[in-house]
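Peer 1: pasted the sequence and its predicted model underneath.
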Amino acid sequence: MKTWQEEQIQSLLNCDSATDLFERIQLLAHELGFDYCAYGIRMPLPISAPKTEMFNNYPSGWQASYKAKNYLAIDPTIALGNQTTLPFIWSDKLFSSARDLWEDARAHGLEHGWVQSCRDAQGISGMLTLARSGEKLLTSELRAKTSELSWLAQTAHFGMSRCLTAKMLPEAGMTLSSREIEVLRWTAEGKTSSEVADILRIAERTVNFHINNAMVKLNANNKTAAAIRAAVLGLLY
């Protein structure tokens, strides 16, 4: 007999667009007892202002209020989600530093929520939030649905990354040569081109040749930026 996860995986992974995928996530969230869901994905680059994409089916009034009052800057679920990939639920304690946000959310019918973040080897992070009004999230329900909830968060992240990474982070699709990786590793350690040449026993002009190639592939303006980008994307391991 197939598990719930096995029954749903193809319907999620066969989606060709992020919009279609999110519609499917909404249906599965409803099956799990939640009226609302939200998914946010964040690329690791640019480091100063990472690219993000958000999807949700929250009430339009809440969406407008969240944007107008810039709740994004103080939302404790985002702060905690950036620190851990363990699931957590909404609570008075969690929102103790953002009481206005908490009261506003509840006024719009967002009373109980479950959240889990995911991160992959390329440094791409995502966060799935499932919410509802009315019935409280009890420990017994969470225990019974833990595997389905966590599976949905992880599969949603895999699917969204597949749909959006090429557009939002084209550098992630680049492949570095073994020599480019070697050179960037030492560059990331603070070595000069001359020092890298001595370490690898090659000409300095050869080091610079590989650095320049890597810079083009990674869309970097200089070798330091290339080394950072390669490290963030997990290309140096």
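Peer 2: Yep, that arrived.
Peer 1: which strands and helices lie in contact with the helix or strand hosting Arg229?
Peer 2: Applying DSSP states H and E as the criterion places Arg229 in helix 223-232. If you count contacts as 3 or more C-beta pairs under 8 Å, 6 or more residues apart in numbering; DSSP states H and E, helix 223-232 packs onto helix 178-188, helix 204-217. All C-beta atoms are positioned from the backbone trio N, CA, C, and that covers glycine.
Peer 1: quickly note the distance from Asn82 to Thr129.
Peer 2: 14 Å (C-beta to C-beta, to the nearest Å).
Peer 1: skip the chain neighbours and tell me the closest residue to Gln165.
Peer 2: If you look again at residue 165, you'll see it is Thr, not Gln. Closest residue to Thr165 apart from its sequence neighbours, by C-beta to C-beta, 6 or more residues apart in numbering: Ala172 at 5.3 Å.
Peer 1: okay, that neighbour: pLDDT?
Peer 2: Looking at Ala172, its pLDDT reads 87.
Peer 1: and what of Met1?
Peer 2: 49.
Peer 1: okay, the residue nearest to the spatial centre of the chain and Gln63: tell me how far apart.
Peer 2: Geometric centre of the chain, nearest residue: Ser125, 1.8 Å, by C-alpha atoms, centre = their mean. Relative to Gln63, Ser125 is positioned 22 Å away (C-beta to C-beta).
Peer 1: coming back round to it: highest mean neighbour count out of the helices and strands packed on helix 223-232?
Peer 2: helix 178-188 (a mean of 20; mean count of other C-beta atoms under 10 Å).
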